[in-house]
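Visitor: based on what follows, work out the 3D shape:
(4 chains)
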There are 4 protein chains.
Amino acid sequence: MQIGMMGLGRMGANMVRRLMRDGHQCVVYDINPASVAALVTDGASGAASLAEFVGKLAKPRCVWLMLPAAITGKIVDQVAALMEPGDIIIDGGNSYYHDDVDRAAKLRDKGISYVDVGTSGGVWGLDRGYCLMIGGPDEAVQHLDSIFATLAPGADAGAPAPDKAAAGTAPFGYLHCGPSGAGHFVKMIHNGIEYGVMAAYAEGMNILKAGNAGKVKRAADAETSPLQNPEYYQFDFDLANVAEVWRHGSVIGSWLLDLTAGALKSDASLASFGGRVSDSGEGRWTLKAAIDTGVPAPVLSSALFDRFSSQGESEFADKLLSAMRYAFGGHVEKPKSGS
Amino acid sequence: MQIGMMGLGRMGANMVRRLMRDGHQCVVYDINPASVAALVTDGASGAASLAEFVGKLAKPRCVWLMLPAAITGKIVDQVAALMEPGDIIIDGGNSYYHDDVDRAAKLRDKGISYVDVGTSGGVWGLDRGYCLMIGGPDEAVQHLDSIFATLAPGADAGAPAPDKAAAGTAPFGYLHCGPSGAGHFVKMIHNGIEYGVMAAYAEGMNILKAGNAGKVKRAADAETSPLQNPEYYQFDFDLANVAEVWRHGSVIGSWLLDLTAGALKSDASLASFGGRVSDSGEGRWTLKAAIDTGVPAPVLSSALFDRFSSQGESEFADKLLSAMRYAFGGHVEKPKSGS
Amino acid sequence: MQIGMMGLGRMGANMVRRLMRDGHQCVVYDINPASVAALVTDGASGAASLAEFVGKLAKPRCVWLMLPAAITGKIVDQVAALMEPGDIIIDGGNSYYHDDVDRAAKLRDKGISYVDVGTSGGVWGLDRGYCLMIGGPDEAVQHLDSIFATLAPGADAGAPAPDKAAAGTAPFGYLHCGPSGAGHFVKMIHNGIEYGVMAAYAEGMNILKAGNAGKVKRAADAETSPLQNPEYYQFDFDLANVAEVWRHGSVIGSWLLDLTAGALKSDASLASFGGRVSDSGEGRWTLKAAIDTGVPAPVLSSALFDRFSSQGESEFADKLLSAMRYAFGGHVEKPKSGS
Amino acid sequence: MQIGMMGLGRMGANMVRRLMRDGHQCVVYDINPASVAALVTDGASGAASLAEFVGKLAKPRCVWLMLPAAITGKIVDQVAALMEPGDIIIDGGNSYYHDDVDRAAKLRDKGISYVDVGTSGGVWGLDRGYCLMIGGPDEAVQHLDSIFATLAPGADAGAPAPDKAAAGTAPFGYLHCGPSGAGHFVKMIHNGIEYGVMAAYAEGMNILKAGNAGKVKRAADAETSPLQNPEYYQFDFDLANVAEVWRHGSVIGSWLLDLTAGALKSDASLASFGGRVSDSGEGRWTLKAAIDTGVPAPVLSSALFDRFSSQGESEFADKLLSAMRYAFGGHVEKPKSGS
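Guide: Next up is the predicted model:
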């Protein structure tokens, strides 16, 4: 079927390619003409303006936006202004689901359907397919089924395809999760979980790396806690090999572990990274949802807060701890390592 | 090759079966004669006493122990008393790696090699293979290579086998991690990570389940925090389907997620479970290693402490919080839900 | 000076009494006539309706609201409708500071000043004084100075009074923290810290209580982690005495510790409490502010989430953990203690 | 009474002074002769060797050790070798209570009593008195009562003294907590709580400091999470004044808050501190005790782990998180701020 895609960054462009490979017709637009031109070469129909973009679409028009969350709201308004009742806007970016709920209500009054699609798969999605978490009105979601089916991974390679009528679409990698906002809600939680899972591996690997602590000479001053049993910390673990062996038959096998093994194999010291870990809105919103609903989330919050710390945001709190220690015990700080 | 297996519970018996399937000769022993008899039927050579068990083994004798951690130490001593220099004892149970370090040193004086093997795979290992994390002296570990190769999953089904000489044994699912204790150390960290990963999924699912909080009527008393925006919590998520869709193409795909999806598909309310989550030694030891080495592990500790809470161990602390609230603010506790 | 107080619950009534003791004239109103009557007996001027209440106040009218957060917004509107430019509304309740920012902007257009006052002191404030954290425009806050000075604890008993001109008002227990919203922001953080401090004591006491763990017979099953060194857990601590001794010369002396010692002295088993710990909005909002601003708050969030758990909200997550353990390892749950 | 003090650092020397002020006779020894000489000037009886030190003491000899934990064990042995049955060794340092249990058992065989005393009070103890948490046999503890009474703060200034016979010694600031090890166990938990309380203040202050986040220009790149409502983060809080106001009538008043207010008053930017927060053994041991006994301690562990992070120990874990993000999403790290 025909679909319009606006926002041709890494994600948007790859999604267009995956759609065209499977026979869909794509009209594409981006503020950067070069991004449009690249996809036209690959077979897409390009547009030089928003008006031309919307004008090229047959009714009911389906416009998929793949934009930074910060500008999605504005563009939704602009696209909607060019549309008619029965048309569909799909937001495949990382919007806050609150915005979906609000936007959908506004567009509903105009007869335009709004579909929010949480999209996971990263740079691997072109070949591996994208996991799609979908929110919106039934009719619109149904109308887009073939698009979703193409973008999603589909039936597992080598395994017999499940019966879609019986098992639903989840085994194919896409799911209509509920009304508007439901897609980004599920994607939000997905990312919250992702933070926790990633941190679990990272902390475990960090302890393994310290398995040789008994070999290291420690400062013997009053500000350093002694290692009581150095004889139990004499291990030089090969972290890349440990990650690799866990991939085969252990309880903690996962795609993130696959990537971890790959990264450690490239360079077990990870010297090309500095350790400043960014966070996106979803991790934060997950915690806000936990707080709103009174659900404990100590693991997910620990993972988020560690990222904040990695960004240097615990510095003032730590200075205050040192100030208190100095005030009650006369403890003088040790210098930061490396300085 | 020939190997003796003592401890024929679920894990030990299945390992014997997997070994015999691949042509190894197994001598088996257990204090429960029925367990021995069952494996004799399957082709193993049974023993009626520890002395007979060790006596049936050819030199160098290889005895694999698959016992509860609490009695392993005692049995190691008994087996060693029947052995000669050059023989090998393998502990495949869940021993604390400190004990491995101590035992290996003691046996080394007698010329007996001690090999510790952390074993992951649970009830699925018979068919799926066991992930083996191995510690001990090079020669003994090398001697046992064909045993490890059989127990481990081996090359991935359908994929070309990696070159063992070049890539080592990790891609086959077993790894010599270092000297005695190294195997159980790596297994300990594996389980620590497992707790964190499990908790990340569980917390995320718990928030999803609360996605309908805005539909639920809340008490409007001074002891209940109001939900500020009920309009954003109107979702009835199908948790089994959400877990299923995440298995296909998302960043958080994993074997634990596969099991989660299966459990939720059987009964999304999980009514057959009460929520008392046991913990084994490994999770606790992981945290102790983190503390000893000064490595932060907030996610892994949050996961462990949640299990303690599920066992009722936060009760006194919570009572004290209520007592303080009553003392400064006159706040009277709400009754526990369900009581 | 004259002030109107609406909302004559425990907090509001006691504040009126403290104000009258110090010579201020109080006009009082509540939807419950009995509450009004009780204070009239003590010397206040009562009102039978909102209109009468506002009508009795001299210009510029000063109305202090001491109401549940859920209805404050509505009453602010009603009071404002009866006011004139130059009048002042004070919200001394537990409003979300976002609401203060919004309300103040709306009232500013009408020439009415809005002052938010975070009030700490609980049931002890009548005698001990209230710690007041104030937000709002300079002129209005200055106008109310003598009211704040009376409600606050004032100079420390027995110590020479600090010079207010030099040291500001903070040493007297009240502080103009910034523009509208600043008072409730500071109160919100105060409560967030309160949660953390309370939890620190409660967790420590809980560990002390377990100091006799080595005397207790433990189940010796596969689902129970053994206590490795029972000889180190043979202590029967007298918790009330421990709390008491810490009050004298230790680093952790505090008012909350004073209350803890009192509660444990009354009944060291805290048998009259069930352990369901309520939380108010401030603890939740503190975490949201931390998330918004990217500031790590692992201690404060752990304290909040423990309260959620005490309310039973981790149950589904814990069931899911048990379901996973059953799925990969065949582990069968132990029954909940007490059931 | 007479007492011998060995270890004349800041703590030991001040304790001798406080004892002599109250009429006790002190024999003192240190490997640094200058430390001995300083106290001799103040009226103590000095010793030039361990033998002379013990020789100067009347029977039953009472030797108080105030030494670094790392050497205490060795010195206990040396002192004990010079003693006779009936003598008493007191360890007032920061020993691990496991060592107390072991040492006491060994000395008991020789007829020597061992008393462990957890000592809190820091640099303020000379004037303010020390909070003493005492473990050991009844007779020895009773024998030392007048020493403990002098070192402890005693009855509260200005308040009528409690009846020691009725209320015990806790209201005077010292407590016999139980058998050997009980004193350091209680001190260990005291310090664990201290970490949690300190972190609660530090995190709260850090959020307050970020109250102006809406005024700060944020990077608008894909790796930075946007601030959704900058209008609610327009506050420039005066942290020193906020800490000061909380000292008067609020729920969170404490000695640590007094010190916090003092530190922020000196320099609200805390520019003289770098933020590397040391930890001592007690915080670590508290967590180990929680783990051993299965008691959840999420707040205390979060506080400890934050210190580890401040020491740079999360770096490898954070690098691994960045490596994973790069692997699945092509996310390139932002540089560390300040570099």
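
Visitor: ok, for A:P153, nearest residue in space, not its chain neighbours?
Guide: Sequence neighbours aside, A:G129 is the residue nearest to A:P153 in space, at 3.1 Å (criterion: C-beta to C-beta, 6 or more residues apart in numbering or on different chains). (Each C-beta comes from the backbone N, C-alpha and C, glycine too.)

Visitor: would you agree the one you found is in contact with B:G249?
Guide: Yes: counting by C-beta atoms under 8 Å, A:G129 does reach B:G249; the two are 4.6 Å apart.

Visitor: so what's in contact with those two at the same time?
Guide: Common contacts of A:G129 and B:G249 (C-beta atoms under 8 Å, 6 or more residues apart in numbering or on different chains): A:121, A:152-153, A:173.

Visitor: name the residue closest to the centre of chain A, please.
Guide: A:N191 (5.4 Å; C-alpha atoms, centre = their mean).

Visitor: quick one: that residue and chain C, what's the gap?
Guide: 14 Å (C-beta to the nearest C-beta, to the nearest Å).

Visitor: same question, A:F53
Guide: On the measure of C-beta to the nearest C-beta, A:F53 and chain C end up 35 Å apart.

Visitor: same question, A:P160
Guide: Distance from A:P160 to chain C, by C-beta to the nearest C-beta: 23 Å.

Visitor: same check, this time on A:G168
Guide: For A:G168, the distance to chain C (C-beta to the nearest C-beta) stands at 21 Å.

Visitor: could you do A:S45 as well?
Guide: 42 Å.

Visitor: follow-up on the earlier one: could you verify that the residue nearest to the centre of chain A is part of a helix?
Guide: Yes: with DSSP: H, G, I helix; E, B strand; the rest coil as the criterion, A:N191 is located in a helix.

Visitor: OK, contacts around the residue of the stretch 101-250 of chain A found nearest chain C?
Guide: Distance from chain C to each residue of the stretch 101-250 of chain A (C-beta to the nearest C-beta) is smallest for A:S250, at 10.1 Å. Counting by C-beta under 8 Å, 6+ apart, A:S250 touches B:120-121, B:131, B:190.

Visitor: doesn't it belong to a helix?
Guide: No: assessed with three-state DSSP, A:S250 is coil; it does not lie in a helix.

Visitor: hmm, back to that, okay if I get the shared contacts of A:G129 and B:G249 as a markdown table plus distance to C:R108?
Guide: What follows is the shared contacts of A:G129 and B:G249, written out as a markdown table (distance: C-beta to C-beta, whole Å):
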| residue | distance to C:R108 |
| --- | --- |
| A:G121 | 49 |
| A:A152 | 53 |
| A:P153 | 56 |
| A:G173 | 53 |
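
Visitor: quick one: the longest strand seen in chain A to chain centroid distance?
Guide: Ranked by residue count and defined by DSSP state E, the top strand of chain A is strand A:113-120. Distance of strand A:113-120 from the chain centroid (C-alpha atoms, centre = their mean, to the nearest Å) equals 14 Å.

Visitor: check whether it comes near chain D.
Guide: No: Strand A:113-120 does not reach chain D (C-beta under 8 Å from any C-beta of the partner chain); its nearest approach is 9.1 Å.

Visitor: partner strands of that strand, with direction?
Guide: strand A:88-91 (parallel), strand A:131-135 (antiparallel) (DSSP bridges).

Visitor: A:G129 and B:G249: who's more crowded?
Guide: More neighbours surround B:G249 than the other of A:G129 and B:G249, with 26 against 21 (other C-beta atoms under 10 Å in any protein chain shown).

Visitor: I'd say the more buried one and A:L126 touch.
Guide: No: using C-beta under 8 Å, B:G249 makes no contact with A:L126, being 11.3 Å away.

Visitor: can you pull the domain assignment for chain A?
Guide: For chain A, the TED database gives the domain ranges A:2-179, A:188-237+A:274-329.

Visitor: quickly compare these and say which is most buried.
Guide: Mean neighbour count (mean count of other C-beta atoms under 10 Å in any protein chain shown) peaks for domain A:188-237+A:274-329 among these, with a mean of 23.

Visitor: tell me the spacing between the closest residue to A:V54 other than its chain neighbours and C:G294.
Guide: With C-beta to C-beta, 6+ apart as the criterion, A:V54 has its nearest non-adjacent residue at 4.2 Å, and that residue is A:L82. Going from A:L82 to C:G294 by C-beta to C-beta, to the nearest Å gives 37 Å.

Visitor: please apply the same query to A:I252.
Guide: 30 Å.

Visitor: on that earlier part again, in JSON lines: the contacts of A:S250, plus distance to B:V63 and pLDDT.
Guide: Putting the contacts of A:S250 into JSON lines (distance: C-beta to C-beta, whole Å; pLDDT from 0 to 100) gives the following:
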{"residue": "B:S120", "distance to B:V63": "21", "pLDDT": "92"}
{"residue": "B:G121", "distance to B:V63": "21", "pLDDT": "84"}
{"residue": "B:C131", "distance to B:V63": "22", "pLDDT": "97"}
{"residue": "B:H190", "distance to B:V63": "24", "pLDDT": "98"}
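
Visitor: which two of those have the greatest separation?
Guide: The span of these, defined through C-beta to C-beta, is set by B:G121 and B:H190 at 11.1 Å.

Visitor: so what sits against both of those two?
Guide: Overlap between the contact sets of B:G121 and B:H190, as judged by C-beta under 8 Å, 6+ apart, is given by A:250-251.

Visitor: can you tell me the helix or strand for A:A202?
Guide: Secondary structure assigned from DSSP states H and E places A:A202 in helix A:182-209.

Visitor: would you mind getting the angle between that helix and strand A:113-120?
Guide: Orientation of helix A:182-209 against strand A:113-120 (axes from the mean of the first three to the mean of the last three C-alpha atoms, to 10 degrees) gives an angle of 10 degrees.

Visitor: helix A:182-209 and chain B in contact?
Guide: Yes: Helix A:182-209 reaches chain B (C-beta under 8 Å from any C-beta) through A:182, A:185-186, A:189-190, A:192-197, A:199-201, A:203-208.

Visitor: what element comes up after that helix heading to the C-terminus?
Guide: Going down the chain from helix A:182-209, the next helix or strand is helix A:239-246, by DSSP H and E.

Visitor: other SSEs contacting that following helix?
Guide: Here helix A:239-246 is seen to pack against helix A:182-209, helix A:255-266, strand B:131-135, strand B:174-178 when contacts are counted using 3 or more C-beta pairs under 8 Å, 6 or more residues apart in numbering or on different chains; DSSP states H and E.

Visitor: alpha carbons only: can I get whatever helix or strand comes next after the second one in PDB?
Guide: Right, the one you point to is helix A:255-266. Next along the chain after helix A:255-266, taking DSSP H and E as the criterion, comes helix A:281-293. Once non-C-alpha atoms are left out, helix A:281-293 reads as follows in PDB (Å, rounded to 0.1, in the frame of the first residue of the first chain):
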ATOM      1  CA  GLY A 281      12.900  10.600  28.100                       C
ATOM      2  CA  GLU A 282      11.400   7.100  28.300                       C
ATOM      3  CA  GLY A 283      13.500   6.000  31.300                       C
ATOM      4  CA  ARG A 284      12.400   9.100  33.100                       C
ATOM      5  CA  TRP A 285       8.800   8.700  32.200                       C
ATOM      6  CA  THR A 286       8.700   5.100  33.300                       C
ATOM      7  CA  LEU A 287       9.700   6.200  36.800                       C
ATOM      8  CA  LYS A 288       7.100   9.000  36.800                       C
ATOM      9  CA  ALA A 289       4.400   6.400  35.800                       C
ATOM     10  CA  ALA A 290       5.600   4.200  38.700                       C
ATOM     11  CA  ILE A 291       5.400   7.100  41.100                       C
ATOM     12  CA  ASP A 292       2.000   8.100  39.800                       C
ATOM     13  CA  THR A 293       0.600   4.600  40.200                       C
END
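
Visitor: pick out the residue of the stretch 151-300 of chain A closest to chain C.
Guide: Closest approach between the stretch 151-300 of chain A and chain C, counting by C-beta to the nearest C-beta: A:P296, at 3.9 Å.

Visitor: B:H176 is in contact with A:N241, correct?
Guide: No: counting by C-beta under 8 Å, A:N241 does not reach B:H176; the two are 9.1 Å apart.
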